[in-house]
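Student: What shape does this take:
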Amino acid sequence: MALPLPHTQVAIRAATPEDLPQVLEIESLAFEKHWGPFEFKASLEDIFLVAEEPAGGHLLGFIVACCCRLSRRGVILRLAVHPDSRRQGVARSLLEAAFEELRRQGLSEVVLDVDVVKGGARKLYEEMGFQVAEVISLCQEDEEESFYVMRRPL
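Tutor: All right, here's what the predicted structure looks like:
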C-alpha cells in the first residue's frame, strides 16, 4: 500500500519489468477498463515512468506516453496515481517528467484524452497548460461515453 507523501518526496524513474505487479495494482484501482500485462510490457519500449517513495520503493503512480515523430506530437496514453497518494502532486510530477522527456525527443506538442465525467483530472490538466481541443461523444445521450481531447505545447 502506498503511503501519502508530499510530492517533493517523490522519485521519478523509468519503469522496469519488476514494477509491473505494482503498476497493475494501481491500474486496477484507477480505471474501470484495465490495461493488462501485455499492454504495459509493450509500453516499456515507450515513455513509461513511475513515481515511487524514495526510501521504500513503493510505487505511487505511473505515466505512459508515446511519440509520434512525424507530427512532432507526444500522446499521454495512461496516467494513474494510487488512491492513497492522490492530491499530493504525484500526477503533476509525473506529467512534468513526461513533458521533459517528450521535449528531449524533439516534440512540440502533447495530447491526451480524458472522460467528461472526470472533472478533477480535467482541472489538473488545465492547470498544467492543456486546453480542450475537441469533445468526442460516442453516444449523444450518455455523458459517460464522452471525452475531451486536450492539447498543450511543449
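Student: tell me the contacts of the most centrally placed residue in the chain?
Tutor: For the chain, the residue sitting closest to the mean C-alpha position, by C-alpha atoms, centre = their mean, is Leu79 at 1.9 Å. By C-beta atoms under 8 Å, 6 or more residues apart in numbering, the residues touching Leu79 are 61-64, 91, 94-95, 112. Where you see a C-beta, it was placed from the backbone N, CA and C, and this is true even at glycine.
Student: I'd like those as TSV, with distance to Arg152 and neighbour count appended.
Tutor: Formatted as TSV, the contacts of Leu79 follow (distance: C-beta to C-beta, whole Å; neighbours: other C-beta atoms under 10 Å):
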residue	distance to Arg152	neighbour count
Gly61	20	25
Phe62	20	28
Ile63	14	26
Val64	17	24
Ala91	15	24
Leu94	15	26
Leu95	10	24
Leu112	9	21
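Student: Okay, and which of those residues map to helices?
Tutor: 91, 94-95 (DSSP state H).
Student: Nearest to Pro37 among those residues?
Tutor: Using C-beta to C-beta, Leu94 comes nearest to Pro37 of the ones in helices among the contacts of Leu79, at 20.6 Å.
Student: wait, doesn't the closest one sit right on Ile63?
Tutor: Yes. The pair Leu94 and Ile63 passes the contact test of C-beta atoms under 8 Å, sitting 4.2 Å apart.
Student: picking that back up, between the ones in helices among the contacts of Leu79, which sits nearest Gln22?
Tutor: Nearest member of these to Gln22, counting by C-beta to C-beta, is Leu94, at 14.4 Å.
Student: Enumerate every residue touching that closest one.
Tutor: By C-beta under 8 Å, 6+ apart, the neighbours of Leu94 are 12, 49, 51, 61-63, 79, 81.
Student: For stretch 39-55, which outside residues touch it?
Tutor: Residues contacting stretch 39-55 (C-beta under 8 Å, 6+ apart): 2-3, 5, 9-17, 19-20, 23-24, 27, 58-67, 74, 77-78, 81, 85, 90, 93-94, 97-98, 101-102.
Student: That stretch: which residues count as buried?
Tutor: Neighbour counts using 16 or more other C-beta atoms under 10 Å place 40, 43, 47-53 of stretch 39-55 among the buried residues.
Student: Show me what the residue nearest to the centre of the chain bridges to in the sheet.
Tutor: Beta-bridge partners of Leu79, counted by DSSP bridges, are Ile63.
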